[in-house]
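> Provided below for reference: sequence and predicted model.
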Amino acid sequence: MIIYKNGNTVLDFACTLVGGPTALAGLVNASPQAVWNWRKRGYPPAEKCMLIEQATLGSVTCEQLRPDVFNQ
């Protein structure tokens, strides 16, 4: 998990880029509660990473979101 100097995670950054957690939820076909849970945990499920990458137009990558899965 990538954590920026301000304490935010890369998932927080993705939310900011698209207009917030509710907006991200709509873009990746998830509930706002699910996105909140991902943010609390620090990462999304691997199957949502590509959708997040697409929603952020590549500004947030699968490798950044889940290095444990995509940097192998």
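Received the coordinates, thanks. Keep in mind it's a predicted model, so treat the numbers as computed, not measured. Numbering: from 1, shown residues only.
> ok, Cys15 to Ser31 distance?
Going from Cys15 to Ser31 by Cβ to Cβ, to the nearest Å gives 14 Å. Backbone N, C-alpha and C define where each C-beta goes, glycine included.
> between these two, who's got more neighbours?
Using other Cβ atoms under 10 Å as the criterion, Cys15 and Ser31 rank with Cys15 on top: 25 against 11.
> tell me how far the residue nearest to Val69 when sequence neighbours are not counted lies from Gly19.
Distances taken as Cβ to Cβ, 6 or more residues apart in numbering place Ala46 nearest to Val69, at 4.6 Å, with adjacent residues excluded. For Ala46, the distance to Gly19 equals 24 Å [Cβ to Cβ].
> the residue nearest to Val69 against Arg66, yeah?
Yes - assessed by Cβ atoms under 8 Å, Ala46 is found in contact with Arg66 at 5.4 Å.
> higher neighbour count, these two?
Shown here are Ala46 and Arg66; by other Cβ under 10 Å, Arg66 has more neighbours (20 against 13).
> so how far is Cys49 from the more buried one?
Arg66 is 5 Å from Cys49, where distance means Cβ to Cβ.
> any idea which element the residue nearest in space to the middle of the chain lies in?
Computing the C-alpha centroid of the chain and ranking residues by Cα atoms, centre = their mean puts Leu11 first, at 3.4 Å. In this structure, Leu11 is located in helix 10-18 according to DSSP states H and E.
> what does that helix contact?
For helix 10-18, contacts defined as Cβ atoms under 8 Å, 6 or more residues apart in numbering pick out 1-2, 4, 8, 21, 23-24, 27, 35, 38-39, 42-44, 52, 55-56, 59-60, 64-65.
> show me these that map onto helices.
Pro21, Ala23, Leu24, Leu27, Val35, Trp38, Arg39, Ile52, Ala55, Gln64, Leu65 (DSSP state H).
> now, the most widely separated pair of those residues?
Spanning the widest gap among the ones in helices among the contacts of helix 10-18 are Ala23 and Gln64, at 19.0 Å by Cβ to Cβ.
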